[in-house]
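Student: coordinates only, sequence not included:
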């Protein structure tokens, strides 16, 4: 590729009669680039960032590959797993109109690299041309001699093994025995000779794609997980008693029975006392108020310590084991800010900002002040020590067995820190998953996903209408974001009590759980959703009596709870492969703006699910809809078998247009599986 | 940027308590890249190729630029003309949603480079925060001290000149005299201080975009030209007498009066005798048949010689001068193939392919053979001598004063040769224009434009229906192609006698000329269009009695000629700035599938043209259409002044919906100019 900036142009006089010498980088560079390799997909920002897949995926790679003239070319994918030294090669297939494709199976958790190589295939060109001449009845003795020369060249090539060279020699002997030009042509173009040439024949004008592209392959949970968030200190069942890890262990069967995969805790570290927040985020805490777990660090320790009242490291490790035994994985919170009591402030004053009067600079968003926390900085005297320290915190918990980290507010820390840290951690533990908790503008949210975050929080909590949901889910599944941004649709968080749920009542909770669990591969709830908790600080998106500032004893059997809905949808997610993908989402026509109607199906159509969701939590809504018979290649008037996945009923839809009525008082959604073969 | 392939990963043990040293390329690399600079436009294939503009254009460059957190950032465009050593800088403007823009005026013919640099602006962040605190009534003495420190840091910075440092010192003296915090704040945030800081203040976390992007700036004719193609040997007016350059000189007023800018000749070199083609491409030439000028080379010379019967070099140079005096520029044909008599075959046998029996390999497309020409090859023993020789041929003619080359079949010669050769030529003669005559698949056509061809032949000759024209013109003007692919809409060529014109009669010629001249910035005709010549080899796209194989004496006054239409449209092209752009094309609604209706206007709306063209050459067609009042911000019921640019009539349209009737027997098109101010 031309290096536009560095080149020192040689300008020597020239004329038609006096040729320049070719001591010229530009010329040498140009000549090596004969075959055009363009429009490679997937490719993220020119290979600056890796696209993402999970173990077991097949990565489909395509490119425009073409040469001047009419000669035949061939192309291959070169790839290697990062730990491997040598490149492997897969043949690419020609699709037409200069497009080529190859499928690369991804079997390992880690980073693969891929690039493309193409070459002119003189033997294929020769076969094509001699065949046409022979078919047109033209004499071909010279062409046969040229063909023989090609085989001889393959024998001289260093691409073939000794055995292949011997086989080529045998071909020439057969050729010598042939009696007619037709026989000679057949001998020189036989399929086994073609295979032999592909292995051993020389490649002409070999041209490599200018870039080596990375794909990061996560374990499967990266793309398919259901999260449940709880505050461990609220798990004693008694608001007067601080919960412990052992209390959490008691709660594991509940979370498992709901069908979740990941159990996530806000920070479990010692909580600072200086400027501690009281109940409902007040500045006047009572003596017993436990404070926000996000004010990390006290005289008891910092990010590598455990809040004493939760238990010991032994208890934490016991919890990890028990969770695993229940099919659950523990996710921790990685929140970098410190309480004013964090040991780092004395040990590493160079990591913090100080005012001209010698006081520490608290977090603020002027004119608001957050005097219970201070932020570290990442440059000046804090580089590289804070980078290494923070990485080592993550490694510390990873060594304890934690493999999932929800990262608090990553958009307020330098992007390069995340890129570097995630890579450092995944070099050692490629199975670590990082969830980016950034709620900010689109560009930084995407950047965080590009630079390595495994999953990302989204705008889902603020997308409520049918068109908003279609637009947003389509952007996530159909735009370039699908290659690197894995949404995790949280229904709520301790910081987000969505306005829709504040007024929707129970049907709204059913709706939002169903949407989150079926629109995205990853989704989550913060506890309370299952019991339709919606009490808010008036006029705000915040929960009243938030667990962030006090210990809460929840009544999990509260009347009107939607545990059955959650259990159902989590079961369906595990039973149906169609729900274990994300980008296979399609919206279909249903003529009612209050009902969202969509489908997900596997490539082989063996698992085909349809969802109709009444977004209006207060009124029954009905509408005609199109059964996507065309996806099966069926005509509009076909019958198709249907299974109601909520009730288990089986029936037949006749024809493309059907009707549904969804009453929120009963159940605001329908889930169907199509059985085309059962339709007749 | 991460270098994924080259890095040798360092894996040293780590724990929370033991920090690694930071002898780590990855860490050092990461830290320098704090600000994200993404989605830069225009950028062609990651900067691998240059986008194209012409002298006088303003290049609008945009990017997503953002940093972590809430700090203020600023950004600048760095650019330089290739011949300059130093980079200049222009400030970028924030558009919102992380998007920034800058406009770079392009005043010189040649290559510019541009890239982006961004930095955190601590002073702007400070101004923002202290302002909010002050507005909220919070005390700000510490903040004022911090502000003073910022000014002091600017004084120590090496960015400012001595004078600026002195001015900053004066600011501090004024600050010391201020009596209140409000006064101090006003002093530290005054507009002149902001200007001073922008010039002299330090930039923090300066981050450069990873790529330097090229833009190639042509002279204006590259994007706006009208071509007329003729065979010089047919210009004597007598089919029995071989035309000369002096005959062409006699014809210059005719071409000038039609309004063309470029006069283009097929090859003017000696024509081979071996296997010469006869009339109508026959293999049995008569003794006097002149042969195809594309069979280049005889004992009289090759690509750097002139066919004797056309005249001498002196005559050619006289023609160049006379053309210039008539406002016309001569374009030559660069066709690389050789006749079997070309001197190169003996001088450079290594440039040609030879058969096993020692004979030369003729051009062929099996089973078809083209025995009047042989092709050179570009690799093996021909590299680099053929590359240099061919470049030197172009330089030879450029030195004679030729600045436009139409390149024959570039897609059958190696892409890297073109990229290298065009660059070599334009290094010396940046005003040289290359027109790519490739009629092949989309990918190679685009590639040739990317790698440097100034203009490109297109599929226009095969786009006849309304939808085809809308789709194709929209692809050219609205897709990424607009950045690098400059179409030249030829109505016909010696090789293409379009089926539409074979049956359309005179109206079809009027239609196709008008479309070519107004849809594209560059267009051309091969002579005969003005006299509606359409005689074809039956069932083929070829002209009967083609000038490629014989001398023709045309009757330019043939009845039914459309010289008036051509003269009109070429005059309008020169009078109207709206027609001198290409990408400003918009299609509007007219409810008749036989009438294409479109507009072009300048950014300032001062020149607003509308075209309605009846594509049906046999029947009158009428239809209602929308006057694009909305482009002026006018309501649907407005009056607007209209000028008929064919008749000169002025009138008023009242309201958005109007009607037009276009009778091909009279005139199949209408051209209007809108005068919104003349509408009342």
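Tutor: Arrived safely. Please read all numbers here as calculations on a predicted model, not as lab measurements.

Student: For residue A:255, give me phi and psi.
Tutor: phi -70, psi -40 (degrees, to the nearest 10).

Student: So which bits of stretch A:257-271 are buried?
Tutor: A:258-271 (16 or more other Cβ atoms under 10 Å in any protein chain shown). C-beta coordinates here come from the backbone N, C-alpha and C atoms, glycine included.

Student: Among the residues you listed, find me the one that's closest to chain B.
Tutor: Proximity of those to chain B (Cβ to the nearest Cβ) peaks at residue A:269, which lies at 12.4 Å.

Student: Not including adjacent chain positions, what is the nearest residue to that closest one?
Tutor: residue A:296 (4.8 Å; Cβ to Cβ, 6 or more residues apart in numbering or on different chains).

Student: Which pLDDT value goes with the one you found?
Tutor: Residue A:296 carries a pLDDT score of 98 in this model.

Student: from the buried residues of stretch A:257-271, which two are the most distant?
Tutor: A:259 and A:270 (33.3 Å; Cβ to Cβ).

Student: before we move on, the earlier item: got the contact list for the residue nearest to residue A:269?
Tutor: A:267, A:269-272, A:302-303, A:335, A:337-339, A:342, A:373 (Cβ atoms under 8 Å, 6 or more residues apart in numbering or on different chains).

Student: hmm, 7 Å instead?
Tutor: Going by Cβ atoms under 7 Å, 6 or more residues apart in numbering or on different chains, residue A:296 touches A:267, A:269, A:302, A:303, A:335, A:337, A:338, A:339, A:342.

Student: Which of the buried residues of stretch A:257-271 fall in strands?
Tutor: A:262, A:263, A:264 (DSSP state E).

Student: Can you pull out the low-pLDDT segments for the stretch 251-400 of chain A?
Tutor: Within the stretch 251-400 of chain A, no stretch has pLDDT under 70.

Student: Sorry, slip of the keys, the one I care about is chain A.
Tutor: Ranges of chain A meeting pLDDT under 70: A:1-23, A:678-680.

Student: Identify the residue spatially nearest to the residue most central in space within chain A, adjacent ones excluded.
Tutor: Computing the C-alpha centroid of chain A and ranking residues by Cα atoms, centre = their mean puts residue A:486 first, at 4.0 Å. Spatial nearest neighbour of residue A:486, excluding adjacent residues (Cβ to Cβ, 6+ apart): residue A:455 at 4.8 Å.

Student: for residue A:461, what are its contacts?
Tutor: A:490, A:492, A:496, A:498.

Student: nearest to chain B, of these?
Tutor: residue A:496 (19.8 Å).

Student: What count of nearby residues applies to the closest one?
Tutor: 18 (other Cβ atoms under 10 Å in any protein chain shown).

Student: Enumerate the residues of the stretch 51-200 of chain A near chain B.
Tutor: The stretch 51-200 of chain A has residues A:64, A:66, A:68-70, A:97-98, A:113, A:129, A:132-133, A:136, A:138, A:142, A:145-146 near chain B, with proximity defined as Cβ under 7 Å from any Cβ of the partner chain.

Student: before we move on, back to that, same list, the ones in strands among the buried residues of stretch A:257-271, but as TSV with distance to residue B:351 please.
Tutor: Putting those into TSV (distance: Cβ to Cβ, whole Å) gives the following:
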residue	distance to residue B:351
A:262	68
A:263	74
A:264	71
